[in-house]
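Novice: Requesting a structural model of the entry that follows:
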Amino acid sequence: MGCFKAAPFLAAATPFSSINYGFAFLTKNPDPDQVGCGTKAPAGDCPVWDGENVYLGKAAMQGSIAVNSATTIEEASSSIVGIAEVVRMARMHPSGPKRAKITLGGWSDYARIGSAENGVKLGKLMAKFVAYTFADGVDFDMEHLTPYNRMGKEWEGLVSFVSTLRSEFDGDISKNWVATANARKSALAAQFKKLAPWQQKEVSAFFNTQDKYLGEVANNGAPHLEISWTTRFNAFLPKDDIFNYLMTDSPRPLPNQTFDSDNEGFQLWPQLGKIIDTVNIMAYDAGSPAGPLKINFTTVLSNFATYGKVPASKINMGFEPGEQSGAGVWEGEALDEAVATAIKNKQTGDHTGGGVAEWAINPNSVQAPSASVLAPKQAKSMNAILQPPWPFGSAPKYTKCGPDGMWPGLTQGKSEEIMV
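Specialist: Numbers count the residues shown, from 1 in each chain. Now for the predicted structure:
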């Protein structure tokens, strides 16, 4: 929620070919410190989603509701305006266009979808969210679903959600893309006309940028609307060796210990694999009672390809330089870059193709001081190694924004035209 400075965003996003804006929530009370469901901290309440709202903050906060049935293109929420600006500057980035999706998840997995009926509602709302922000799709990042399935029909809800989302994307959202862009353009023009002349002068750069950009959105037409799934390194495992992804010198959980998230991929990939475009593997935050795990990344890639039957071209191996959650410890720059090089050169055994996902673009310098330095550095290295091509057809054509994120020339001492 809220505003952000354009220049730092543009600088941080430069090495990336695609970015995810996170997070949108289902829970009314997102809590980064919650671990599991229960009444004693760090566990907490895991209610069923209300079926009404997608949030971008605590429900009690003003402007927290990102989208619901009452949201219109004329009266977009502050969340829609904010995320639409991220999408716009990604498309108009000085280094060339980048794709931008909205991530549903993070802490939102502490509000359960709970049913197939709720999954349909959620799919329609997230599709509307994409339509009104002109994002390139949705990433769903829900990491603790096996315990929730014991509390309700969580897998049915997730399958229903993704299926509905794909149907909406391929149907009305794509078909109405140009009309939606023109409707938003008209709505903003009407808002601008209602302002006093002094107000128009104050905000003319924003409104004129929107007017020109939305014209280009319409001219480019609907992009491929992507669905990506972010999951953990243990989503697909062999039955006879569930810790085969560990390095020989890694701490090893006891033989009778397992993770709740083991083999979660089998609960959704058979039903949804054909309509999911991208899989981001979280090969980090890997702690255990025995100590930080040391992961064999090529084995993880092989597990997804061999046991999950996930096409290699859909997979991004995920890394997190610096501080990690869950008592995880970063394996280091050299190993990450070696894996990226092997992916680029198609030297990862059963896995050929794919790319890399980096967490995160903007680590907080107070909460994660090492990551705030290491993550941007590694992103630049990964870009140099992978030289990622534009996915899903030809790259769209957008005017490159100025250093302030606005349409070039509107705020750099040149005359401004006032939208009429």
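
Novice: Which neighbouring elements make contact with the helix or strand harbouring residue 22?
Specialist: Taking DSSP states H and E as the definition, one finds residue 22 inside strand 18-24. On a contact count with 3 or more CB pairs under 8 Å, 6 or more residues apart in numbering; DSSP states H and E, strand 18-24 meets helix 78-91, strand 99-105, strand 137-141. (Each C-beta comes from the backbone N, C-alpha and C, glycine too.)

Novice: Quick one: residues in contact with it.
Specialist: With contact meaning CB atoms under 8 Å, 6 or more residues apart in numbering, strand 18-24 is reached by 13, 30, 54-56, 66, 79, 83, 86-87, 90, 98-108, 126, 129, 135-136, 139, 141, 228, 361, 391.

Novice: quick one, what contacts residue 344?
Specialist: By CB under 8 Å, 6+ apart, residue 344 lies in contact with 385-387.

Novice: Save these as JSON lines, and put in pLDDT and secondary structure too.
Specialist: Below are those laid out as JSON lines (pLDDT from 0 to 100; DSSP: H, G, I helix; E, B strand; the rest coil):
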{"residue": "385", "pLDDT": "97", "secondary structure": "helix"}
{"residue": "386", "pLDDT": "96", "secondary structure": "helix"}
{"residue": "387", "pLDDT": "95", "secondary structure": "coil"}
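
Novice: which of the residues you listed lies closest to residue 305?
Specialist: The closest of those to residue 305 turns out to be residue 386 (CB to CB; 18.6 Å).

Novice: what's stretch 145-157 in contact with?
Specialist: Taking CB under 8 Å, 6+ apart as the rule, stretch 145-157 contacts 36-37, 46, 48, 109, 112-116, 118-119, 122, 158, 260-261, 264, 267-268.

Novice: one more time with 10 Å
Specialist: Residues outside stretch 145-157 that contact it (CB atoms under 10 Å, 6 or more residues apart in numbering): 36-37, 46-49, 109-122, 142, 144, 158-160, 231, 259-264, 267-268, 271.

Novice: Flag every buried residue along the helix-or-strand element of the chain with minimal mean pLDDT.
Specialist: Counting by mean pLDDT, DSSP states H and E, the chain has its least confident helix or strand at helix 145-149, which shows a mean of 90. Across helix 145-149, burial judged by 16 or more other CB atoms under 10 Å covers 145-146, 148-149.

Novice: Tell me the one of the residues you listed nearest residue 327?
Specialist: Closest approach between the buried residues of helix 145-149 and residue 327, by CB to CB: residue 146, at 20.2 Å.

Novice: Residue 6 contacts residue 205, doesn't it?
Specialist: No. The pair residue 6 / residue 205 is not scored as a contact, 11.3 Å apart, by CB atoms under 10 Å.

Novice: shared neighbours of the two, anything?
Specialist: Here residue 6 and residue 205 have 402, 404-406 as joint contacts, going by CB under 10 Å, 6+ apart.

Novice: that older thread, dump the helices and strands packed on strand 18-24 to a markdown table, plus mean neighbour count.
Specialist: Shown next, in a markdown table, are those (neighbours: other CB atoms under 10 Å):
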| stretch | mean neighbour count |
| --- | --- |
| helix 78-91 | 22 |
| strand 99-105 | 23 |
| strand 137-141 | 24 |
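
Novice: Dump these to CSV, plus distance to residue 285 and mean pLDDT.
Specialist: As requested, the helices and strands packed on strand 18-24 are exported to CSV (distance: least, CB to CB, whole Å; pLDDT from 0 to 100):
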stretch, distance to residue 285, mean pLDDT
helix 78-91, 24, 96
strand 99-105, 14, 97
strand 137-141, 12, 97
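
Novice: I'd like these written out as a markdown table, with distance to residue 166 added.
Specialist: Supplementary listing: the helices and strands packed on strand 18-24 in a markdown table, determined by distance: least, CB to CB, whole Å:
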| stretch | distance to residue 166 |
| --- | --- |
| helix 78-91 | 20 |
| strand 99-105 | 14 |
| strand 137-141 | 10 |
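
Novice: mind listing what's buried in stretch 235-253?
Specialist: Under the neighbour-count criterion of 16+ other CB under 10 Å, stretch 235-253 has 235-237, 242-243, 245-246, 250, 252-253 buried.

Novice: got it, and stretch 388-398?
Specialist: 388, 391, 395-396, 398.

Novice: now do stretch 199-211
Specialist: Neighbour-count burial for stretch 199-211 flags 200, 204-211 (criterion: 16+ other CB under 10 Å).

Novice: Could you list which of these belong to helices?
Specialist: 200, 204-211 (DSSP state H).

Novice: buried ones in stretch 144-161?
Specialist: Of the residues in stretch 144-161, 144-146, 148-149, 152-161 count as buried by neighbour count, 16+ other CB under 10 Å.

Novice: Distance across it, terminal residue to terminal residue?
Specialist: Start-to-end span of stretch 144-161 (CA to CA, to the nearest Å) is 16 Å.

Novice: same question for stretch 292-305, mean pLDDT?
Specialist: Per-residue pLDDT over stretch 292-305 has a mean of 96.

Novice: Then stretch 265-274?
Specialist: Over the span of stretch 265-274, the pLDDT mean works out to 97.

Novice: which residues are in contact with it?
Specialist: So stretch 265-274 is contacted by 140, 145-146, 149, 154-156, 158-163, 166, 227, 229, 231-232, 234-237, 276, 279, 303-304, 307-311, 314 (CB under 10 Å, 6+ apart).

Novice: what about 6 Å?
Specialist: Contacts with stretch 265-274, where a contact means CB atoms under 6 Å, 6 or more residues apart in numbering, come from 155, 159, 162, 235-236, 308.

Novice: Now intersect the residues you listed with the strands, please.
Specialist: Using DSSP state E, no member of those sits in strands.

Novice: Residue 291: which of the residues you listed is nearest?
Specialist: Using CB to CB, residue 235 comes nearest to residue 291 of those, at 22.1 Å.

Novice: hang on, isn't that closest one packed against residue 262?
Specialist: No. Residue 235 is not in contact with residue 262 according to CB atoms under 6 Å; the separation is 8.3 Å.

Novice: sorry, back to before: what element comes up after the strand holding residue 22 heading to the C-terminus?
Specialist: Per DSSP H and E, the first helix or strand lying C-terminal to strand 18-24 is strand 54-55.
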